[in-house]
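*Asks:* give me coordinates for this.
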Amino acid sequence: MEFRPTNPKPKRAGFTVPELLVGTALSGLILVGAASFFLFSVRSFASMANYTDLNNRDRNASDLLSRDIRSASSVQSATAHQIVLSIPNGNVSYTYYAGARSLSRTDRSGTRTLLTGVDSFSFSLYQRPATNSLYSLFSTAAAANAKMVGFQWSCSRSLAGMKLDSESLQTAMVELRNQ
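*Replies:* Model prediction:
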């Protein structure tokens, strides 16, 4: 028995030129869209990782600084970038180094860097209000009279050489409780 095709014309396999052009254009658009979504996702993830790390470091430094201020019996000396506190087991100082963009804590056990990437930092001293509920700011020359210490800083991070939106701002006023 012999089999013969019923259609004597040979079939041609493949795409026509217009089908090939349309398919290539659509797949190119889909690839460009997928690549841009991937790059956006990678950048967003890196930015969120920066925010998380900055937040953790800010919170740690703020908690440590607040704890030391609350337990201090007095302020030994203060400038806009350094404060020396008298705490029960000695003195502790916090110093902002503008050139290194860092905040360090020094006590009897040594010096430890708490923050890096600090853009601005300042300490301010306050005394308790006499009659109204507002605290009045006074000169750092009167550090022995300080009842409250305010601090403020701003940190930022660079991602791939560009400064992105990974920035944090921390500010607080803490009362010396042991006076």
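*Asks:* for the protein, where's the lowest mean pLDDT among helices and strands?
*Replies:* Sorting the helices and strands of the chain by mean pLDDT, DSSP states H and E puts strand 136-138 at the bottom, at a mean of 62.
*Asks:* what's the helix or strand for Arg112?
*Replies:* strand 110-116 (DSSP states H and E).
*Asks:* what is that strand packed up against?
*Replies:* Secondary-structure packing of strand 110-116 (3 or more Cβ pairs under 8 Å, 6 or more residues apart in numbering; DSSP states H and E): helix 17-71, strand 102-107, strand 148-159. For the C-beta atoms, the positions are set from N, CA and C on the backbone; glycine is no exception.
*Asks:* and that strand, how far out from the chain middle?
*Replies:* Centroid separation for strand 110-116 versus its chain: 16 Å, with Cα atoms, centre = their mean, to the nearest Å.
*Asks:* adjacent strands (with direction) for that strand?
*Replies:* Paired neighbours of strand 110-116 in the sheet (DSSP bridges): strand 102-107 (antiparallel).
*Asks:* quick check: mean pLDDT across the strand it pairs with?
*Replies:* Averaged over strand 102-107, pLDDT sits at 94.
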